[in-house]
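S.K.: dropping the sequence and predicted coords here.
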Amino acid sequence: MPSLKTDNQTLYETDYLQWIEKTVEKLQSQDYGNVDWENLIEEIEDIGRSERRSLKSNLLVVLLHLLKWQFQPERRSGSWEGSIVEHRRRVREALSDSPSLQPYLETIFADCYAQAVKQAKAETGLSLETFPILSPYSLSEVIDDNFLPRFTTESGQ
């Protein structure tokens, strides 16, 4: 007779949705002894990592399009503005759903800006020197729907 751990592991590997449904049933019926704890813990940890990755990705997109908006005013488009609006919404929604992400957002801000500069260089053909070394935008500006940067010819300003 197969062990419970083997049954749970097999179901987890062969039919993920059914594994989720069975796990929920066991939790709801308080059948804690038969819960596949190892995989459940792993899945919960993955959810947290996924939330952080999503937040970082959305912040990066906003920063990228703000840089392009500021340093390529002749190429501004509704697409860029639409992307800024949408990804700002996603950042704010993530913070609303999980306020504990705010400190993480503050921690990754400088790194995301540096990545956005590299991406902006690649997408625009502008030199790295075009862009300020440190973000010219505050975090509150980055997620503020009323903020769009003005064109500047001076990097670092």
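M.R.: In hand now; what should we look at?
S.K.: hmm, L105 and L55 touching each other?
M.R.: Yes. With contact defined as Cβ atoms under 8 Å, L55 reaches L105; the gap is 6.3 Å. Using the backbone N, CA and C atoms, a C-beta is placed for each residue, glycine as well.
S.K.: shared neighbours of those two, which are they?
M.R.: Common neighbours of L55 and L105 (criterion: Cβ atoms under 8 Å, 6 or more residues apart in numbering): 91, 95.
S.K.: what about this protein, any weak spots by pLDDT?
M.R.: For the chain, applying pLDDT under 70 flags the ranges 1-9, 152-157.
S.K.: can you show me the helices along it?
M.R.: Along the chain, counting by DSSP state H, helices occupy 4-14, 16-28, 37-71, 78-97, 102-124, 139-142.
S.K.: could I get these as a markdown table with mean neighbour count?
M.R.: What follows is these, written out as a markdown table (neighbours: other Cβ atoms under 10 Å):
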| stretch | mean neighbour count |
| --- | --- |
| helix 4-14 | 14 |
| helix 16-28 | 14 |
| helix 37-71 | 17 |
| helix 78-97 | 15 |
| helix 102-124 | 16 |
| helix 139-142 | 14 |
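S.K.: just checking, T130 touches Q70?
M.R.: No. Contact criterion Cβ under 8 Å: T130 and Q70 do not qualify, at 9.9 Å.
S.K.: count of neighbours near D15?
M.R.: 12 (other Cβ atoms under 10 Å).
S.K.: that should have said L134, apologies.
M.R.: Neighbourhood size, L134 [other Cβ under 10 Å]: 10.
S.K.: was I right about it contacting A114?
M.R.: No. Look at L134 against A114 with Cβ under 8 Å: they stay out of range, at 9.2 Å.
S.K.: list the contacts for P149?
M.R.: 66, 69-70, 136-137.
S.K.: actually, L66.
M.R.: By Cβ under 8 Å, 6+ apart, the contact list for L66 reads 84, 116, 137, 142, 148-149.
S.K.: want to throw the residues you listed into a markdown table with distance to I47?
M.R.: As requested, the contacts of L66 are exported to a markdown table (distance: Cβ to Cβ, whole Å):
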| residue | distance to I47 |
| --- | --- |
| I84 | 27 |
| A116 | 26 |
| Y137 | 30 |
| V142 | 25 |
| L148 | 34 |
| P149 | 34 |
